[in-house]
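A.B. asks: sequence first, then the predicted structure, then my questions.
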Amino acid sequence: MRTRRTRTEPPSPPTQTLPSTLYLDTQFLFAYLVADDADHEAAAIIGRRLEALVEGGFARAYLSITVLDELAWKLSGVVYDDENDAPGAWRQLSQPEQRRAYRVHATTVGVLLLLLLEQPWISVLPVDEEVCDRLPLTLTEHRLPPADACHLTCAARHRVRGILTNDRRFAELTDSPVEIVTYGPRRTTESR
């Protein structure tokens, strides 16, 4: 699996002011980790910048269990495709076949998630009772898919100022309680 492993410096990105606290959406982290993703270069640039801001005490970056859940599934597809040397093969599997393949690759995916969680610049937000209580309201007000509504609710509950993503569903929100921060060209479809 081709994931981010080295710290080579690409050209400097355009200056973008980032909120002091950011929730890292699954789409961003997937693009950041997977070199074959269309948004990888842009995600890597802003990820390194955010990492430096966090390490310098100027920002904080968060994720939640919902991000890890979604990321585990997406990464299992990458691992499956890499092990079978067949890009896109995961998408051709039926849901029962994907579940079986996930079980085969769960250990590898778990290790990748552990490596992500060991990054000192990323913290985990709790999905507590208040987040659960607010979720139905977020679903009705913003009409997001459940996982995206969970991200928005968790970020808003913990007073995170922005969600870092290129997910078009977030970009289309007009009344988000949290700033939506995009880092590259807006996506017209979901990653992977």
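C.D. replies: Received the coordinates, thanks. Residues are numbered from 1 along each chain as shown.
A.B. asks: what's downstream of the longest helix along the chain, the next helix or strand?
C.D. replies: Using DSSP state H to define each element, the chain has its longest helix at helix 95-117. Downstream of helix 95-117, the first helix or strand assigned by DSSP states H and E is strand 122-124.
A.B. asks: for residue 164, see how far away residue 50 is.
C.D. replies: Counting by CB to CB, to the nearest Å, the separation of residue 50 from residue 164 is 7 Å. Backbone N, C-alpha and C define where each C-beta goes, glycine included.
A.B. asks: overlap in contacts, the two.
C.D. replies: 18, 22, 61 (CB atoms under 8 Å, 6 or more residues apart in numbering).
A.B. asks: considering the residues you listed, which possesses the most neighbours?
C.D. replies: residue 22 (27 neighbours; other CB atoms under 10 Å).
A.B. asks: can you give me the strands for this protein?
C.D. replies: All strands of the chain, identified by DSSP state E, fall at 21-24, 60-63, 122-124, 162-164, 179-181.
A.B. asks: in a markdown table, list those strands along with distance to residue 72.
C.D. replies: Below are the strands of the chain laid out as a markdown table (distance: least, CB to CB, whole Å):
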| stretch | distance to residue 72 |
| --- | --- |
| strand 21-24 | 15 |
| strand 60-63 | 12 |
| strand 122-124 | 14 |
| strand 162-164 | 19 |
| strand 179-181 | 24 |
